[in-house]
Structures are given as C-alpha cells and as structure tokens.
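[1] fold the stuff below for me.
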Amino acid sequence: MNKGKYLLHILSEDNKQFTEDKDKIIEIRDNIVKHADVLLSKLDQLRKPREETINKELYCVTQRKDGLEKRKSQLNLTLSSPSASDVFDTSLFLDKTMPDKTVSQAELSHRKFTQGKLSKQPMSNIFGSVNEYSDIKMFKLTTLSSTIL
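    Now for the predicted structure:
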C-alpha cells in the first residue's frame, strides 16, 4: 500500500472515529439537558402549590391585621373622648369578636435538591474525556519510508 492511500485510509478512519465520538458526546449532552429539564419542571411543580398556600395565608394575615388596626383606632378614638357617656354609648357598638386565627392550617413541606453520588467527581470521570495518543502505525510507516527514500 503506498503512502498516499494509507494516509487517505487513516484520514477516513479518523473521520469515522471523530463522528462516532462527537455523536456520543452530543448524546450525553442531550441526556443531561433532558434530565435537568425534568428536574426543573419537578421543582416548579412542587413550588407552585407551596407558593399559593403561603400567598393565600399572607393575604389572610394582612386582612386580619388591617381589621385589628382599624378597630384599635376606633377604640382609641372612643377612649380619648372627654365624655364618659360617649365611651359607654360607643362601647355598645364596638366589634368585640376576635378574628379567626387562620383560614386553614398550612402544612408546608420542605424540599431540597440532592445531588447524585457522582456529582462530586470530576466531570471527566463521569462522562469521559477526549484524549490524544500517538499512532504507532503512522510513526512506523513514516520511519520506514524515510529510511527507504
């Protein structure tokens, strides 16, 4: 086999190996992205009900607080009146009930992302790496052909 044909053969094999390696790396990347998308979607699904519960409870707390502030100002206004009869007359119309504590007892569970066991490993250990090595055949052919010429 002459040197030109041999180099074309090596180039062809190299292109074939390059394509295979590239396809494998792309597949790994795509799988990682798909898995990350699934994790993000699950995280969003878990967060939404929790967020809604907290916002609903926060709204109720704000409403109760505003109501109590309004009643407090009415009571202060009544008690600051110089006339005792005003105090007694107004006391008949004061809202003396206590506000409800909560609309519903919010049960909030915690969530936390847990990394896989391999996540602490270097990426090259998990997914592999691209390494270059010398091709002994090519070296021998070049050495042989230079000694012949």
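[2] low-confidence stretches in the protein?
    Low-confidence segments of the chain, defined by pLDDT under 70, are located at 1, 91, 101-108, 118-120, 124, 129, 131, 133-149.
[3] closest to the centroid, which residue in it?
    Among the residues of the chain, the smallest C-alpha distance to the mean C-alpha position (Cα atoms, centre = their mean) belongs to residue 40, namely 5.0 Å.
[4] list phi and psi for that one.
    Geometry field for residue 40 lists phi and psi as phi -60, psi -40, criterion degrees, to the nearest 10.
[5] any idea how far it is from residue 123?
    20 Å (Cβ to Cβ, to the nearest Å). From N, CA and C alone the C-beta is placed, and that goes for glycine too.
[6] for residue 12, same thing?
    Using Cβ to Cβ, one obtains 31 Å as the distance from residue 12 to residue 123.
[7] likewise for residue 78?
    Between residue 78 and residue 123 the computed distance is 71 Å (Cβ to Cβ).
[8] the more surrounded of these two?
    Taking neighbours as other Cβ atoms under 10 Å, residue 78 and residue 123 compare with residue 78 leading, 16 against 10.
[9] so that one makes contact with residue 85?
    No: at 11.4 Å, residue 78 does not count as touching residue 85 under the criterion of Cβ atoms under 8 Å.
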